[in-house]
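Student: sequence first, predicted coordinates after that:
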Amino acid sequence: MGIETEIKFEVAPADLEKLAASRSLRPSNGELATHRHLVSTYFDTPKHVLRRNGISLRVRQAGKKHIQTIKTATNGVAIGRGEWEKRIDGSQPDLKAARGTPLDELLSRRLRRELDAVFSTHIHRTVVPLHPGNSVVELALDEGHIRAGLYSTPLAEVELELKSGSVSDLFRTARTVAELVPARLALKSKSEQGYGLIADQPTAAVSASKITLPSKATLATAFQMTARSVLHHIAANEPAVLAGLPEGIHQMRVGVRRLRAAISVFKELIACPQTEVIKRDMKWLAGKLGPVRDLDVFLNTKVNRLSEAEPPIAGLSDLVSELDYRRAVAAEAAKAAIASSRYRLLILSTLEWIEDGAWLKRRSVRNSQRAKAFAADLFTRRVAKAKKRAKDIRHLNVHARHKLRIAMKKLRYSIFFFESLFDGKASARKLSRYKSALASLQDNLGALNDIAVHQKMATKIRADANEKKMQPVAFAAGTVVGTERGEIERLLDAAEKAAHKLRGAKEFWD
């Protein structure tokens, strides 16, 4: 088994030419770039058993050679993954060469019988050998297409593979590429893009994936696996945000919150100036996504639902138009942020921080501390704090309820990060009850917080109503917020019940 350590970018075809001509990406020892035409055929069953098990199988033809490659899928954004490569005879897979690989465990008679070509890639590759520092990095500029039956899609990518040396030199080269052209970190491998072509999936929001930690994971490993998963959650929603999909904006915002929560959870492990920069830039990104999400909630959960109220609310249609306009402005600001060089470099910098950050190079006992013991102590402290804050919900002011909601959210994210370490049957039942109580409490506190946010919106709209044509908008905004106030008692009752349920829930980590 080999570990392929690489960073991949998506670029425009014209940018490949710019990179090929750049003096910053030329070998320093007189070596020349080489050119190859590569045809790779990917194999799977009709029900895509290999893909569902996180495995890809391809046979690549380069001239007269045929190379069979088996790869494993990564968990979130990662620069390394397992790779098994062997030269074979012919264009069909040699399953004897799969012995000792993850594919070997799946090779039933039925799978052998059903295995067939599902799609192919046709690539013109320019390979440039680079020598940053004392390392060897192979720069591959790929242009071509992916083909599945009658369908095809263009492909333009940059691959940087570390052949020998340090990951720091690999990231240094990646930063050079990202500064020369508007390159975006590629989250999908060529095989994933091929499967996407088969499914013909439209642009859609991407939800968070489950984090599964090894039972004996160290704290450093737990942070890296968590952060990779959460960074993938953020970056995978770029297309949905750029397409203006409300759920895409929501999911990216959740991803940003989770990364900021992870920084809080692991703060003693990862404390360094580099972490402070990531925190600052994530706060900037959250600020670009927050306004459009708040307007979406106000429009869809409150304002639009009152459009058929009897008697009709005066000025409601004017309010809808005003909020639609403000939402469009906020959405454009979010799109501009995602399209900016600051965002692109933030994603690359965050990946570098996860894989090669200054925190990793410090000698610390926390790096090797067991994640499970750390998580149990964390839950004990955070649950005690949350229970104390939730003791008298009904008499908390808006600010105190907001603090409680944040505490609950941090606790819920902490459980999301570490719950795979507590997967015994008894723990699972207790965990399920805990998560149910937390979800109910957070949902009700969230609804109460939305009302407070909407009151601020209405106040701002009324302050902007300096023209007669805005007065109906201000009136309607005040009316909508007034209807929300009637919901406060019901939400407080539900929050009290959820808090009582949480106080009675047994510790799943004991």
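Tutor: Yes, it's here.

Student: now the spatially closest residue to Val136 that is not a sequence neighbour: phi and psi?
Tutor: Nearest non-adjacent residue to Val136, counting by Cβ to Cβ, 6 or more residues apart in numbering: Lys163, 4.2 Å away. In this view, the C-beta of every residue, glycine as well, is placed from N, C-alpha and C. The phi/psi pair for Lys163 (degrees, to the nearest 10) reads phi -80, psi -40.

Student: would you mind measuring from Lys163 to Gly82?
Tutor: Distance, Lys163 to Gly82, using Cβ to Cβ, to the nearest Å: 17 Å.

Student: do the same with Leu448
Tutor: In terms of Cβ to Cβ, Leu448 sits 47 Å off from Gly82.

Student: do the same with Gly165
Tutor: 20 Å.

Student: again with Lys302
Tutor: For Lys302, the distance to Gly82 - Cβ to Cβ - is 50 Å.

Student: just the buried residues of the helix or strand harbouring Asn449, please?
Tutor: Secondary-structure assignment from DSSP states H and E places Asn449 in helix 425-464. By 16 or more other Cβ atoms under 10 Å, the buried positions in helix 425-464 come out as 427, 430-431, 434-435, 437-438, 440-442, 444-445, 447-455, 457-458, 461-462.

Student: okay, the angle between the helix or strand that comes right after it and helix 425-464?
Tutor: The element immediately downstream of helix 425-464 (helix or strand, assigned by DSSP H and E) is helix 471-485. Using axes from the mean of the first three to the mean of the last three Cα atoms, to 10 degrees, the inter-axis angle of helix 471-485 relative to helix 425-464 is 150 degrees.

Student: phi first, then psi, for Arg58.
Tutor: Torsion angles, degrees, to the nearest 10, at Arg58: phi -140, psi 160.

Student: one more: Ala390?
Tutor: According to degrees, to the nearest 10, Ala390 has phi -90, psi 10.

Student: okay, now the residue nearest to it when sequence neighbours are not counted: neighbour count?
Tutor: Nearest residue to Ala390, sequence neighbours excluded (Cβ to Cβ, 6+ apart): Ala499, at 4.1 Å. The local packing of Ala499 (other Cβ atoms under 10 Å) involves 25 other residues.

Student: now for Ala499: which residues touch it?
Tutor: Contact analysis of Ala499 by Cβ atoms under 8 Å, 6 or more residues apart in numbering lists Lys387, Ala390, Lys391, Ile393, Leu441.

Student: repeat that for Ala183.
Tutor: With Cβ under 8 Å, 6+ apart, Ala183 has these contacts: Phe9, Glu10, Val11, Asp15, Val158, Val177, Arg344.

Student: okay, and which of the residues you listed map to helices?
Tutor: Asp15, Val177, Arg344 (DSSP state H).

Student: mark which of those are buried, thanks.
Tutor: Judged by 16+ other Cβ under 10 Å, buried ones among these: Asp15, Val177, Arg344.

Student: gap between the last one and Gly100?
Tutor: Put plainly, it is Arg344. 39 Å.

Student: need the helix or strand of the protein with the lowest average pLDDT.
Tutor: Least confident element among the helices and strands of the chain, by mean pLDDT, DSSP states H and E: helix 471-485 (a mean of 82).

Student: past that helix, which element shows up next along the chain?
Tutor: Beyond helix 471-485 toward the C-terminal end (DSSP H and E), the next one is helix 488-504.

Student: buried sites along that following helix?
Tutor: For helix 488-504, using 16+ other Cβ under 10 Å, the buried residues are Leu491, Leu492, Ala494, Ala495, Glu496, Ala498, Ala499, Lys501, Leu502.

Student: switch those over to CSV; also include pLDDT.
Tutor: Below are those laid out as CSV (pLDDT from 0 to 100):
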residue, pLDDT
Leu491, 90
Leu492, 89
Ala494, 91
Ala495, 90
Glu496, 89
Ala498, 88
Ala499, 87
Lys501, 87
Leu502, 84
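
Student: mean confidence score for stretch 306-320?
Tutor: Across stretch 306-320, pLDDT averages out at 82.

Student: swap that for stretch 86-95, sorry
Tutor: Per-residue scores along stretch 86-95 average to 93.

Student: who touches that stretch?
Tutor: 41, 43, 57, 59, 61, 65-68, 97, 103, 107, 112, 115.

Student: can you pull out the low-pLDDT segments for this protein?
Tutor: For the chain, the stretches flagged by pLDDT under 70 are 1-2, 75-76, 365, 465-469.

Student: try 80 this time
Tutor: 1-3, 28-30, 73-81, 200-201, 307-310, 363-367, 423-426, 462-471, 510 (pLDDT under 80).

Student: residue nearest the centroid of it?
Tutor: Nearest residue to the geometric centre of the chain (Cα atoms, centre = their mean): His233, 1.3 Å.

Student: who does whatever helix or strand that residue lives in touch, helix- and strand-wise?
Tutor: Taking DSSP H and E as the definition, His233 sits inside helix 219-235. On a contact count with 3 or more Cβ pairs under 8 Å, 6 or more residues apart in numbering; DSSP states H and E, helix 219-235 meets helix 246-265, helix 267-270, helix 341-356, helix 371-389, helix 398-418.

Student: Thr5 is nearest to which of the ones you listed?
Tutor: Distance to Thr5, taken as Cβ to Cβ, is lowest for helix 341-356 among the helices and strands packed on helix 219-235, at 9.2 Å.

Student: measure Glu161 to Ser135 for me?
Tutor: 11 Å.

Student: now swap in Gly54 and tell me
Tutor: 29 Å.

Student: neighbour count: these two, which is higher?
Tutor: Neighbour count, other Cβ under 10 Å: between Gly54 and Ser135, Ser135 has more, with 18 against 14.

Student: quick check: the more buried one touching Leu160?
Tutor: No: assessed by Cβ atoms under 8 Å, Ser135 is found out of contact with Leu160, at 10.8 Å.

Student: now the common contact residues for those two.
Tutor: What both Ser135 and Leu160 touch, as defined by Cβ under 8 Å, 6+ apart, is the set Leu170.

Student: okay, the buried residues of helix 488-504 in CSV with distance to Arg280 next?
Tutor: Converted to CSV, these look like this (distance: Cβ to Cβ, whole Å):
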residue, distance to Arg280
Leu491, 34
Leu492, 36
Ala494, 37
Ala495, 33
Glu496, 38
Ala498, 34
Ala499, 34
Lys501, 38
Leu502, 33
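
Student: go through the residues you listed and name the one nearest Val127.
Tutor: Leu502 (57.6 Å).

Student: how much space between that closest one and Arg258?
Tutor: 21 Å.

Student: same thing with Leu107?
Tutor: For Leu107, the distance to Arg258 - Cβ to Cβ - is 38 Å.

Student: who's more crowded, these two?
Tutor: A side-by-side neighbour count of Leu107 and Arg258, using other Cβ under 10 Å, places Arg258 first with 24 against 15.

Student: quick one: that one and His233 touch, right?
Tutor: Yes: with contact defined as Cβ under 8 Å, Arg258 reaches His233; the gap is 6.8 Å.

Student: next, show the common contact partners of those two.
Tutor: Joint contacts of Arg258 and His233 (Cβ under 8 Å, 6+ apart) are Ala208.

Student: in the stretch 1-150 of the chain, which spans are strands?
Tutor: 2-10, 34-44, 55-62, 65-72, 80-88, 116-130, 136-148 (DSSP state E, counting those that start in this stretch).

Student: before we move on, the earlier item: which one of the buried ones among the ones in helices among the contacts of Ala183 is nearest Thr121?
Tutor: Using Cβ to Cβ, these come closest to Thr121 at Asp15, 19.3 Å.

Student: what sits against the closest one?
Tutor: Ala156, Val181, Pro182, Ala183.
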